[in-house]
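>>> Sequence first, predicted model second:
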Amino acid sequence: MTSAAAAAPARTRIAFEHVSVEFATPHGTMRVVDDVSYEIRDREFVAVIGPSGCGKTTMMNIVAGFVKPTAGHVLLDGRPVPGPGPDRGVMFQEYGVFPWLSVRDNIAFGLTLRANRVPDAERRQIVERYMRLMGLAEFADAWPKTLSGGMRQRLALARAYAVRPEFLLMDEPFGALDAQTRGAMQNLLLDVLAAEGKTVMLITHSVEEAIYLASRIVVMSARPTRIREIVDVPFPYPRHEALHESSLFNELRSHVRELVMLEYAAQARQTSPSTKGGDPP
Amino acid sequence: MLHRAALIATPWLVVVTLWWAVAASGLINPALVPSPAQVAVRFWQLLAHGTLGFDILISTGRVFAGVALGIAAAVPVGFVLGWYRTVRTFVDPLLNFFRALPPIALIPLVIVYFGIGEPAKIVILFYASFFAGVIVMYEGIAQISPLYVRVSRTLGASDGEIFRKVIVPLTVPHMLTALRVALGVAWATLVASELIAAQQGLGALIQNASSFFQLDIIYVGIICIGLIALAMDLVLRALSRRLVAWQERIA
């Protein structure tokens, strides 16, 4: 890449073009995503926020290669998304660390696959590097069952990073953690991204998390989900905890929170009569 | 350590004491309840001068053969049933039908189709271990979280790699449980299998003794079966603890 290219506006990496998704249910087809278009540029950190069950995860699953859109398409560097692959690292809320492998072997797992095999010496080097970066070095030989939730999520992040993905797709990665651990994980993620930049798509419920981490926030509506608003977060990186106290942060927070709360209310009106199964109001 | 040994020994001592008390009380005709001492003496006699050692060997061999064949068949079948929900829906009732049949009821048919030799006895044990094992296998495999498969796909694993590096390690604990259950069922079915014209084996020993009303020998046979089954279960449990130390909870 030339220096002129670095100065030019970043190229589009992920493009949603009029994407709709429908699922078959016992009560007929249900539209989950409705004509969504937006773009994620190179090294951009986009947070997608919206009411639970609105279809945010479905959008991430399309990029990951698990779900195909019913209409429209999602392009990855200009080409339709292929099946799941090591170019797109995924972090799930349920960690998904392999319980039968030690911390070290979990991180090495991807590097032992044919798709990204490296020489033994290099593999050991990569594993050591991410164990240090994620603060897991002293647990190298431990079983995941002995790790706390925060450490498991760090392990999942290390494992995803080890195969050098270009994209990082995260589905509520810190949703199951307590507030302190969650804050620490957010800072760790910012540090790691500062060291090795990725193009990131983060699905989250937390308005603060979205503002603190992302450069843009896509606010989604109730199901079938549409784009409600795309909010730019103008803070430069590196970011620090003190950001939470700035007045612009608070303004952004009230704005995004209001949008999200309205959609939560809409979603609740929509789902309560059918999902509560005839309970009295 | 001593404390633990005492805790383990206590229930055994209680049972033997009760047995001894019943035998010594005279409430029941002594010819019907041999005392523990009598049985111990008989055990020693059979072991030193009789064929007990040989009987144990023969029966253990049969159980091993039946369980080995049963598990060898139960693992692939259980795998297919556990992994493919639609297959399971259709095959499950059939499996439960065959599983419910008591092996002893099948003996006449087994004699007709397999004769009265060694294969017939092993067929009975195979039947019992297969159906016990296959249920444990497929219930376990059906519970494997699809999350691990998804994660490994995102890391670039091919179908073959997912099978070898994800499914197989997750299946090992269920194989060990299936093996334990099958061994238990096989020992419980041993006497039935040795109803088929067996000359040797613990089941044969018990049946021959019953023809001559030698209750002490029957006790010896029963206790041997129980102790060997217990010992094998303990060995398998120790093995499981080592092989699947990664599990959150050990079965």
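Now that the structure is in, tell me what you want to look at.
>>> so what does the helix or strand containing B:Val110 touch, helix or strand wise?
Following DSSP states H and E, one finds B:Val110 within helix B:103-114. Using 3 or more Cβ pairs under 8 Å, 6 or more residues apart in numbering or on different chains; DSSP states H and E, the elements in contact with helix B:103-114 are helix B:118-142, helix B:168-193. Heads up, the C-betas are built off the backbone N, CA and C, glycines and all.
>>> In whichever helix or strand comes after the longest one, which residues are buried?
Proceeding C-terminally, helix B:168-193 gives way to helix B:202-211 as the next helix or strand, assigned by DSSP H and E. Buried positions in helix B:202-211, judged by neighbour count with 16 or more other Cβ atoms under 10 Å in any protein chain shown: B:Leu202, B:Gly203, B:Ala204, B:Leu205, B:Ile206, B:Gln207, B:Ala209.
>>> circling back: report the rounded mean pLDDT for the helix holding B:Val110.
The average pLDDT for helix B:103-114 rounds to 91.
>>> tell me which residues of it are tucked away?
Under the neighbour-count criterion of 16+ other Cβ under 10 Å, helix B:103-114 has B:Pro103, B:Leu106, B:Ile107, B:Val110, B:Phe114 buried.
>>> Which one of those is nearest to chain A?
Taking Cβ to the nearest Cβ as the measure, chain A lies nearest B:Pro103 of the buried residues of helix B:103-114, at 35.3 Å.
>>> my guess is that closest one contacts B:Ala128, does it?
Yes. B:Pro103 is in contact with B:Ala128 according to Cβ atoms under 8 Å; the separation is 5.1 Å.
>>> Identify the contacts common to the two.
Taking Cβ atoms under 8 Å, 6 or more residues apart in numbering or on different chains as the criterion, B:Pro103 and B:Ala128 both touch B:Thr189.
>>> pLDDT weak spots in chain A?
A:1-8, A:271-281 (pLDDT under 70).
>>> check contacts around the one residue sitting closest to the centre of it.
The centroid of chain A falls nearest to A:Met170 when counting by Cα atoms, centre = their mean (2.1 Å). Contacts for A:Met170 (Cβ under 8 Å, 6+ apart) come out as A:Met60, A:Val90, A:Met91, A:Val200, A:Met201, A:Leu202, A:Ile203.
>>> Packing partners of the helix or strand containing the first one?
When secondary structure is defined by DSSP H and E, A:Met60 falls within helix A:56-64. For helix A:56-64, the helices and strands in contact under the criterion 3+ Cβ pairs under 8 Å, 6+ apart are strand A:12-25, strand A:28-41, strand A:45-49, strand A:71-76, strand A:88-91, strand A:167-171, strand A:199-204.
>>> Listing partners with orientation, what would you give for the fifth one?
Based on DSSP bridges, the pairing partners of strand A:88-91 within the sheet are strand A:167-171 (parallel).
>>> can you list the residues of the stretch 1-150 of chain B near chain A?
Among all residues of the stretch 1-150 of chain B, those adjacent to chain A (criterion: Cβ under 8 Å from any Cβ of the partner chain) are B:Leu147, B:Tyr148, B:Arg150.
>>> Name the SS class of the residue in chain B that chain A sits nearest to, please.
Across chain B, no residue is closer to chain A than B:Gly156, which sits at 3.2 Å (Cβ to the nearest Cβ). Secondary structure, DSSP: H, G, I helix; E, B strand; the rest coil: B:Gly156 is coil.
>>> show me what contacts it?
B:Gly156 neighbours (Cβ under 8 Å, 6+ apart): A:Gly85, A:Pro86, A:Gly110, A:Leu113, A:Arg114, A:Ala115, A:Asn116, A:Val163.
>>> repeat that for 10 Å
Counting by Cβ atoms under 10 Å, 6 or more residues apart in numbering or on different chains, B:Gly156 touches A:84-88, A:109-111, A:113-117, A:163, A:165.
>>> Phi, psi for it please.
The phi and psi values for B:Gly156, taken as degrees, to the nearest 10, are phi 100, psi 20.
>>> Could you check which residue of the stretch 151-281 of chain A lies nearest chain B?
A:Val163 (5.7 Å).
>>> For the nearest residue to that residue once chain neighbours are set aside, give its distance to A:Arg216.
Computed as Cβ to Cβ, 6 or more residues apart in numbering or on different chains, the closest residue to A:Val163 that is not its neighbour in sequence is A:Gly110, at 3.8 Å. Going from A:Gly110 to A:Arg216 by Cβ to Cβ, to the nearest Å gives 29 Å.
>>> Between the two, which has more neighbouring residues?
More crowded of A:Gly110 and A:Arg216, by other Cβ atoms under 10 Å in any protein chain shown: A:Gly110, with 27 against 18.
>>> correct me, but the more buried one touches B:Ser152?
Yes. If you go by Cβ atoms under 10 Å, A:Gly110 and B:Ser152 touch, sitting 8.4 Å apart.
>>> And for the residue of the stretch 151-281 of chain A closest to chain B, the neighbour number?
A:Val163 has 22 neighbouring residues, counting by other Cβ under 10 Å.
>>> A:Glu241 now?
Residues lying near A:Glu241 (other Cβ under 10 Å) number 10.
>>> Contacts only, for residue 204.
Unless you meant another one, I'm taking chain A. By Cβ under 10 Å, 6+ apart, A:Thr204 lies in contact with A:47-50, A:56, A:170-175, A:210, A:213-214, A:217.
>>> switch to chain B, that's the one I care about
B:Ala204 neighbours (Cβ under 10 Å, 6+ apart): B:Thr51, B:Asp55, B:Ile58, B:Ser59, B:Lys121, B:Val191, B:Glu194, B:Leu195, B:Ile196, B:Ala197, B:Ala198, B:Gly221.
>>> What distance do you get for the first one to B:Gly203?
Right, B:Thr51. 13 Å.
>>> Now do the shared contacts for those two.
Contacts common to B:Thr51 and B:Gly203, judged by Cβ under 10 Å, 6+ apart, are B:Ile58.
>>> From A:Gly55, how far out is the closest residue to A:Ser52 other than its chain neighbours?
Once flanking residues are discounted, A:Ser52 sits nearest to A:His205: 6.5 Å by Cβ to Cβ, 6+ apart. For A:His205, the distance to A:Gly55 (Cβ to Cβ) stands at 14 Å.
>>> So between those two, which is more surrounded?
Applying other Cβ under 10 Å to A:His205 and A:Gly55 shows that A:Gly55 carries more neighbours, namely 26 against 15.
>>> quick one: contacts for the more buried one?
A:21, A:23, A:30-34, A:36, A:48, A:61, A:220-226.
>>> Repeat the analysis, applying 7 Å as the threshold.
Contact partners of A:Gly55, counting by Cβ atoms under 7 Å, 6 or more residues apart in numbering or on different chains, are A:Val21, A:Val32, A:Val33, A:Arg223, A:Pro224, A:Thr225.
>>> what's the nearest residue to the second one if we skip its chain neighbours?
Setting aside the residues directly before and after it, A:Val32 is nearest to A:Gly55 in space (Cβ to Cβ, 6+ apart), at 4.0 Å.
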